[in-house]
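Participant: build me a model from this:
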Amino acid sequence: MFSVRTTLTIDDDLGRVLRETARHSGRSFKSVVNEVLRRGIAVGEKPAAPREPFRVKARPLGWAPGVDPLKLNQLVDELEVDRFLEKARRDIGGS
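Facilitator: Below is the predicted model of the structure:
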């Protein structure tokens, strides 16, 4: 087998992913880089096969158990009071 030794500058984000892959798989960095290059060459310039678009089928789920929709306004009011008190504390130099 013919082997080429070369210096290759890899972007930081790719280098990080390659090192993590090597560490998690227990293989050498060189082995992981060679595998990724082989896969990339195998794919080549061919465009990916078209896929069926992903569609979400919406359906009403209602409120989660324990949520009282009649109390939501009360929650908003309580949050507004908390925000007001926090701002008032900051304005008078409190903590």
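Participant: please count neighbours and contacts with C-alpha atoms only from this point.
Facilitator: Will do.
Participant: ok, then the element right after the host helix or strand of Lys30?
Facilitator: Taking DSSP states H and E as the criterion, Lys30 maps to helix 29-43. The first helix or strand that comes after helix 29-43 along the chain, using DSSP H and E, is helix 72-91.
Participant: pLDDT averaged over that following helix, what's the number?
Facilitator: On average, the pLDDT along helix 72-91 is 90.
Participant: tally up the residues packed near Arg38, please.
Facilitator: 12 (other CA atoms under 10 Å).
Participant: kindly provide the distance from it to Ser31.
Facilitator: From Arg38 across to Ser31, the span is 11 Å (CA to CA, to the nearest Å).
Participant: still on that earlier bit, which residues touch the helix holding Lys30?
Facilitator: Leu18, Arg19, Thr21, Ala22 (CA atoms under 8 Å, 6 or more residues apart in numbering).
Participant: now the buried members of the residues you listed.
Facilitator: Taking 16 or more other CA atoms under 10 Å as the criterion, what is buried in these is Leu18, Arg19, Thr21, Ala22.
Participant: extract the C-alpha trace of the one helix or strand the last one maps to and format it as CSV.
Facilitator: Read it as Ala22. Assigned by DSSP H and E, Ala22 belongs to helix 12-25. Extracted in CSV, the C-alpha atoms of helix 12-25 (Å, rounded to 0.1, in the frame of the first residue of the first chain):
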residue,chain,number,x,y,z
ASP,A,12,-10.9,24.2,14.2
ASP,A,13,-14.5,23.0,14.1
LEU,A,14,-13.7,20.0,11.9
GLY,A,15,-10.6,19.1,13.8
ARG,A,16,-12.6,19.1,17.0
VAL,A,17,-15.2,16.8,15.5
LEU,A,18,-12.5,14.5,14.1
ARG,A,19,-10.7,14.3,17.5
GLU,A,20,-13.9,13.6,19.3
THR,A,21,-14.8,10.9,16.8
ALA,A,22,-11.4,9.3,17.2
ARG,A,23,-11.6,9.4,21.0
HIS,A,24,-15.2,8.0,21.2
SER,A,25,-14.4,5.2,18.6
